[in-house]
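Enquirer: Got a sequence here, can you model it:
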Amino acid sequence: MLFYRAALPLSRQTLTFVSGIIRRHRKSAGSRWRKLNPGQQALLVLAYLRKGETFAELAAGSGVGTTTAWRYVQETVGLLAARAPKLRQAVRDAKKAGHAYVVVDGTLIPIDRVAADRPFYSGKHKRHGMNLQVIASPGGDILWVSGALPGSVHDKKAEWIWGVLDKLEAAGLIVLADKGYQGAAHAKIPYRGKSKPESQKAANRAHAKLRAPGERANAQLKNWHILRKLRCCPWRAGQLAKAIHALEIHAA
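Expert: A predicted model of the protein is given here:
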C-alpha cells in the first residue's frame with residue numbers, strides 16, 4: 001500500500017474546534033488513553049466528512065484499525081450533530097435575526113442501494129436516496145436541517161412529519177418554497193400551469209429570484225463529499241448533515 005500527503009480545504013480553527021469537543025468528551029467519559037490524540041481523531045473525522053474517504057483509507061493513513069476508525073467517526077459525528085440547532089431554536093433565531101423571509105427546500109442525499117429498495121427510491125430525482133428538509137436564510141445560510149426520511153417521501157409530507165411550516169407560521173415568518181410544497185397553506189409557492197397570464201409569470205420570476213440564494217444552502221451541505229453518495233446506513237444521513245451544519249455554523 002502506498003501513502004501520500006493530501007490537503008484538506010478546512011481551516012485550522014475548524015480542527016481546533018472539533019478536537020476541543022473530543023477532548024472534553026474524553027475527559028467527561030474518563031477515557032485515559034487512545035491510539036490517536038484528540039487532534040488526530042478530529043483530522044480523521046474531517047477527512048471522512050469533507051472528502052468522503054472510506055474507513056479503510058482513513059485507518060491506513062492514521063495507523064489504526066478499520067473498526068477503530070469507524071468508532072472514532074461515529075463518536076465525533078454524534079458529538080457534532082448534538083450541537084446543531086433544534087427546529088424550535090432555529091425558528092426562534094430566525095425570528096430574532098429579523099429575516100424578511102426564510103426558504104424551505106428538500107434535498108435528496110443519494111445512497112448506495114439497489115432498485116429493489118423501493119422505499120428509498122425518489123420518483124422526482126429518479127434515484128435512491130434520503131430526503132432531508134432544510135430551512136435557509138435569504139442569504140443562503142443553513143438555519144436548520146431535518147433528520148432523514150426515505151427518498152420516496154414527498155417534500156410536502158416530509159415537512160409535515162417534522163412540523164416545519166407549522167412552527168414557522170406560529171412564529172409569523174414568511175416562507176418561500178418550490179412547487180413540491182403544493183397545498184401548503186402557509187408557504188408561498190410558484191403558480192402552476194402552462195398557460196399562465198403574464199402577471200403570474202412575473203410573480204414566478206420574482207419568487208425564483210428571491211428563493212435562489214436560499215437554495216444554495218443545499219449546495220453547502222453537498223460541498224462535503226460524504227453527502228454526495230452515502231455508502232453507510234442510509235438512516236445516518238440526517239446525523240451526518242447535522243454534524244456538517246454544526247461545522248458550518250462554527251466556520252461562519
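Enquirer: C-alpha from now on. contacts and neighbour counts both.
Expert: OK.
Enquirer: Please, where are all the helices along the stretch 51-200 of the chain?
Expert: 55-62, 66-81, 87-97, 155-162, 164-170, 198-222 (DSSP state H, counting those that start in this stretch).
Enquirer: Could you dump those into JSON lines and include distance to L46?
Expert: Converted to JSON lines, the helices of the stretch 51-200 of the chain look like this (distance: least, Cα to Cα, whole Å):
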{"stretch": "helix 55-62", "distance to L46": "10"}
{"stretch": "helix 66-81", "distance to L46": "9"}
{"stretch": "helix 87-97", "distance to L46": "25"}
{"stretch": "helix 155-162", "distance to L46": "28"}
{"stretch": "helix 164-170", "distance to L46": "30"}
{"stretch": "helix 198-222", "distance to L46": "14"}
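Enquirer: Put together JSON lines for these, with mean pLDDT on each row.
Expert: Converted to JSON lines, the helices of the stretch 51-200 of the chain look like this (pLDDT from 0 to 100):
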{"stretch": "helix 55-62", "mean pLDDT": "92"}
{"stretch": "helix 66-81", "mean pLDDT": "96"}
{"stretch": "helix 87-97", "mean pLDDT": "96"}
{"stretch": "helix 155-162", "mean pLDDT": "94"}
{"stretch": "helix 164-170", "mean pLDDT": "94"}
{"stretch": "helix 198-222", "mean pLDDT": "89"}
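Enquirer: so which of the ones you listed comes closest to M130?
Expert: Proximity to M130 (Cα to Cα) singles out helix 155-162 among the helices of the stretch 51-200 of the chain, at 10.9 Å.
Enquirer: and the angle from the closest one to helix 87-97?
Expert: Helix 155-162 runs at 100 degrees relative to helix 87-97, counting by axes from the mean of the first three to the mean of the last three Cα atoms, to 10 degrees.
Enquirer: how much distance is there from helix 155-162 to the middle of the chain?
Expert: 16 Å (Cα atoms, centre = their mean, to the nearest Å).
Enquirer: Give the partner strands of the helix or strand bottoming out on mean pLDDT in the chain in its sheet and their orientations.
Expert: Least confident helix or strand of the chain, by mean pLDDT, DSSP states H and E, is strand 121-122 with a mean of 84. Its sheet considered, strand 121-122 pairs with strand 127-136 (antiparallel) by DSSP bridges.
Enquirer: For the partner strand, give me every contacting residue.
Expert: The contact list for strand 127-136 (Cα atoms under 8 Å, 6 or more residues apart in numbering) reads 102-115, 120-122, 142-153, 155, 158-159, 214-215, 217-218, 234-235, 237-238.
Enquirer: quick check, distance from it to the centre of its chain.
Expert: Taking mean C-alpha positions (Cα atoms, centre = their mean), strand 127-136 and its chain are 8 Å apart.
Enquirer: CA atoms only for it, dumped as CSV, please.
Expert: In CSV, the C-alpha atoms belonging to strand 127-136 read as follows (Å, rounded to 0.1, in the frame of the first residue of the first chain):
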residue,chain,number,x,y,z
ARG,A,127,-32.6,7.6,-7.9
HIS,A,128,-32.3,6.1,-4.5
GLY,A,129,-31.7,8.4,-1.6
MET,A,130,-32.8,10.0,1.7
ASN,A,131,-35.0,13.1,2.0
LEU,A,132,-33.7,16.0,4.1
GLN,A,133,-35.6,19.2,4.8
VAL,A,134,-33.6,22.4,5.1
ILE,A,135,-34.5,25.9,6.3
ALA,A,136,-32.2,28.6,4.9
